[in-house]
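S.K.: take a look and give me a structure for this.
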Amino acid sequence: EDFRPFVGTGENRYIGGVAQKYGVVFDIPAAKRRTYEIYLDLVERGIAAFPGAVELVAQCREAGLLLAVASSADRIKIEANLRKIGLPWKSWNTVVTAEDVRDTKPAPDIFLAAASHLGVIPADCCVVEDAPNGIASAKAAGMKCVAVAHTFASDRLTAADLVRPSLVEVTVADLTYTSGHWEETRCH
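M.R.: Predicted coordinates for the structure are as follows:
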């Protein structure tokens, strides 16, 4: 439970936040190295995409939407996850990691960088998120946000424009419908 406030903020804050809360001083780079040794082994043993993720990416592609991964995680973790779930780096129009921005979520930097790389304005972007920090980041960037109640309960995701129980229920229409009218939008 101590880690939950730091979900989606990147490894430095995720690991260091709890230590700071309890006044523990430790070497974050060393902790990250060890964490990734363990994590990469676990990924190889088996992780799965959130139900509906691979299908939603395919539907967005078919609809001609630009796709980005904008994660506060480090590149090593993102690469391992994407490769393991069958959506490698090359599957995306752009990938933005914690190493690419100064401030991670809930700051808007990561989503603004993704929009810039895609060549679209933030207001034309729709972010799919599963954490309150990511929703705050998307909204601070001026983007629409569809939240999925996979990691957090839906009552923790109400700042999003739309909340769905899982990615299985998210449609391309959800990503392109805003403020009561249809418009061309970009899906992150």
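S.K.: low-confidence regions, this protein specifically.
M.R.: Applying pLDDT under 70 to the chain flags residues 1-10, 12-18, 177-188.
S.K.: strands of that one, start to end?
M.R.: 68-70, 94-96, 125-129, 144-148, 162-164, 177-178, 181-182, 186-187 (DSSP state E).
S.K.: could the ones you listed go into CSV alongside distance to residue 19 and mean neighbour count?
M.R.: C-beta here means a position set from N, CA and C on the backbone, and glycine is covered the same way. Formatted as CSV, these follow (distance: least, Cβ to Cβ, whole Å; neighbours: other Cβ atoms under 10 Å):
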stretch, distance to residue 19, mean neighbour count
strand 68-70, 26, 25
strand 94-96, 26, 22
strand 125-129, 26, 26
strand 144-148, 28, 26
strand 162-164, 32, 19
strand 177-178, 40, 18
strand 181-182, 47, 8
strand 186-187, 36, 26
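S.K.: how about JSON lines for these, with distance to residue 78 added?
M.R.: JSON lines is the format used below for the strands of the chain (distance: least, Cβ to Cβ, whole Å):
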{"stretch": "strand 68-70", "distance to residue 78": "6"}
{"stretch": "strand 94-96", "distance to residue 78": "7"}
{"stretch": "strand 125-129", "distance to residue 78": "15"}
{"stretch": "strand 144-148", "distance to residue 78": "18"}
{"stretch": "strand 162-164", "distance to residue 78": "23"}
{"stretch": "strand 177-178", "distance to residue 78": "27"}
{"stretch": "strand 181-182", "distance to residue 78": "32"}
{"stretch": "strand 186-187", "distance to residue 78": "18"}
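S.K.: quick one: which of the ones you listed is nearest residue 61?
M.R.: Of all these, strand 186-187 sits nearest to residue 61, with 9.4 Å by Cβ to Cβ.
S.K.: now residue 171: how far from residue 122?
M.R.: Applying Cβ to Cβ, to the nearest Å, the value for residue 171 to residue 122 is 22 Å.
S.K.: more neighbours, these two?
M.R.: residue 122 (19 against 14; other Cβ atoms under 10 Å).
S.K.: name the nearest residue to the spatially most central residue of the chain, ignoring sequence neighbours.
M.R.: With distances taken as Cα atoms, centre = their mean, residue 71 lies nearest the centre of the chain, 4.6 Å away. Nearest non-adjacent residue to residue 71, counting by Cβ to Cβ, 6 or more residues apart in numbering: residue 78, 5.4 Å away.
S.K.: what about that neighbour, how many neighbours?
M.R.: Residue 78: 20 neighbours (other Cβ under 10 Å).
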